[in-house]
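Participant: how does the following fold in three dimensions:
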Amino acid sequence: MVTAVLPAVAGSHSSSQHQSTSDSRTSKSSSSRLAGYVGMCAGCGALVALVIFLPLPARFQQSGLSPAEAIQRSYYLVAVVSLVISILCFFGLRNLPGEEGKSWSSLWSARRRGTLDSGEACSYARKFQLPYLEQLGIAFALGFRNSDIFLGYLGGFVARASSVGISLFIPLAVNHYYRMSGLCGNQDGEAENPGDLKKSCHKAYVLASILTGVSQLVALLAAPAFGYLSERSRRRHVPLLAACFAGLVGYTTFALLPSPEFSGENGNPGVFVVMGLVGISQIGAIVCSLSVLSSGILSLSEVGRMEDHWWSSPSEPSEDEGEDEEENENNPVDDEEEEHGEDRPLVAHRPGRKERHLSHLKGSIAGVYSLYGGAGILLLTKLGGLLFDVLSSGAPFYIMAGFNGALLLAGLVSGFIGHSRSAGPAGFGV
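Facilitator: Below you'll find the model as predicted:
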């Protein structure tokens, strides 16, 4: 949830019309650092889940509850913690800049806002808001028009899939290896209670906990570094590409390992290096996708402010701002604009209603980012689980390697196109 809200919160810092170019650059740097801090907190959350939440069913069973009741109590406790955090966010994220006057009725109807900034012309985004459902469609389409937002969406897809790949398929692969090798339960791979991994195959449970713990620990330590590197190498997306390459190598290598053990006859300590690469891939995708997405939102804000400065008129805007023709009649060109007429194109075209002030879509962009993440979770769990059963236990990790490879390729193509179009508007072109 926090990673989904971050692009909207980061984008709200640039919604003011009075922000200068230097302030905009500062906002870009702060959004990268903020993404790093959020990634570090996400790593801390994963460790809390492993250390506190994961052992809850066992502790409840020790107190005399049945396994079903223990699991039920564990879910209830986690739900209470989530409810408390949601209440804190409800009060902590209120009254953000640019969020005034929003209501549930805006989900299906457009609304006008007549508040004027003192001494400044009222912007289109402050006077008129599209229905939220239409904003969601525009935010989805922005992924095909803005390279940063496209990479942010795709990075969210890979980041959420990585979380599932680590927490779900690594323990499943370890359990499958132990059972097929006859290292737990009966020799035919069956146990007396196969539903309880901790009791039926304690060795597999311990190894899976060690591997996932190492991965999350590396992710926790790497999160601030990725935030710092994203701030320094934003235009070239080098940290994101490095994380994708680490994921490509890590997941492919793990799928090819003959054994996930780090000791014993078939064990290899190099599995910890592989887990480190997987953790770097996960946290890199989370932090860098948030940083790139925030950069895309800030670039939309900059374009909107430039268009406001270009098309603004000192005359009072009309109350009913509908069609462009009516605006031109109510706002005639004055002497000051005529003096700068040579700097304007011969055929002036005022940006349309859906082409300007797209920065107010930051909440919808964050929602589409989460939507891509959910799609990544569903695709990996369904397709990866199916191929795990019918094809190979390494299939989910090959899928994750493919996801990272696709993001790496998209980042390289975006960087190449952005370099070739360096003279054009920043942030556009996929």
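Participant: just the helices in the stretch 151-300 of the chain please.
Facilitator: 170-180, 197-200, 202-232, 238-256, 270-311 (DSSP state H, counting those that start in this stretch).
Participant: what's the first-to-last distance across stretch 256-276?
Facilitator: Stretch 256-276 has an end-to-end distance of 16 Å (CA to CA, to the nearest Å).
Participant: quick one: contacts of it?
Facilitator: 170, 173-174, 177, 207, 210-212, 214-215, 218, 250, 253-254, 394 (CB atoms under 8 Å, 6 or more residues apart in numbering). Bear in mind the C-beta positions are built from the backbone N, C-alpha and C, glycine included.
Participant: quick one, strands of the protein?
Facilitator: For the chain, strands defined by DSSP state E occupy the ranges 111-112, 128-129.
Participant: I'd like the average pLDDT over the first one.
Facilitator: Averaged over strand 111-112, pLDDT sits at 52.
Participant: next: stretch 135-155.
Facilitator: The average pLDDT for stretch 135-155 rounds to 85.
Participant: gap between Ser209 and Ile170?
Facilitator: 10 Å (CB to CB, to the nearest Å).
Participant: so for these two, which residue has more residues nearby?
Facilitator: Neighbour totals were compared for Ser209 and Ile170, and Ile170 leads with 21 against 16 (other CB atoms under 10 Å).
Participant: quickly note the distance from the closest residue to Tyr178 other than its chain neighbours to Phe53.
Facilitator: Nearest in space to Tyr178, with sequence neighbours left out and distances taken as CB to CB, 6 or more residues apart in numbering, is Ala204 at 4.0 Å. As judged by CB to CB, Ala204 and Phe53 stand 20 Å apart.
Participant: do the same with Cys288
Facilitator: Distance, Cys288 to Phe53, using CB to CB: 27 Å.
Participant: kindly report the same for His237.
Facilitator: 34 Å.
Participant: so Tyr132 is in contact with Ser364, correct?
Facilitator: Yes - if you go by CB atoms under 8 Å, Tyr132 and Ser364 touch, sitting 7.0 Å apart.
Participant: Gly373: neighbour count?
Facilitator: Around Gly373 there are 23 residues (other CB under 10 Å).
Participant: for Leu172, same thing?
Facilitator: For Leu172, the number of neighbouring residues by other CB under 10 Å comes to 18.
Participant: next: Val48.
Facilitator: So Val48, with other CB under 10 Å, has 12 neighbours.
Participant: for Pro55, see how far away it is.
Facilitator: Taken as CB to CB, the span from Val48 to Pro55 is 12 Å.
Participant: who are the contact partners of Ser215?
Facilitator: 166, 170, 275-276, 278-279, 282.
Participant: now a ChimeraX select for only the buried ones of those residues.
Facilitator: Buried residues within those, by 16 or more other CB atoms under 10 Å, are selected in ChimeraX with:
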select :166,170,275,276,278,279,282
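Participant: which pair in the contacts of Ser215 has the greatest spatial separation?
Facilitator: Ile170 and Gly276 (13.2 Å; CB to CB).
Participant: low-confidence ranges in the stretch 151-300 of the chain?
Facilitator: Along the stretch 151-300 of the chain, segments meeting pLDDT under 70 span 185-200, 233-236, 299-300.
Participant: go again with 80.
Facilitator: Low-confidence segments of the stretch 151-300 of the chain (pLDDT under 80): 183-202, 230-236, 264-267, 295-300.
Participant: for the stretch 301-430 of the chain, same thing?
Facilitator: In the stretch 301-430 of the chain (pLDDT under 80), the answer is 301-363, 415-430.
Participant: how many neighbouring residues does Leu88 have?
Facilitator: Neighbours of Leu88 (other CB under 10 Å): 10.
Participant: now the one 3 residues further on
Facilitator: Here the count is done by other CB under 10 Å, and Phe91 has 8 residues near it.
Participant: swap in Ala139?
Facilitator: Using other CB under 10 Å, Ala139 has 22 neighbouring residues.
Participant: how about it, what does it touch?
Facilitator: By CB under 8 Å, 6+ apart, the residues touching Ala139 are 361, 364-365, 367-368.
Participant: and which of those is nearest to Gly152?
Facilitator: Distances from Gly152 to those, taken as CB to CB, are shortest for Ile365 (8.0 Å).
Participant: per-residue confidence for Pro7?
Facilitator: 54.
Participant: thinking again about what came up before, kindly reformat the helices of the stretch 151-300 of the chain as JSON lines containing distance to Gln72.
Facilitator: As requested, those are exported to JSON lines (distance: least, CB to CB, whole Å):
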{"stretch": "helix 170-180", "distance to Gln72": "21"}
{"stretch": "helix 197-200", "distance to Gln72": "17"}
{"stretch": "helix 202-232", "distance to Gln72": "21"}
{"stretch": "helix 238-256", "distance to Gln72": "33"}
{"stretch": "helix 270-311", "distance to Gln72": "30"}
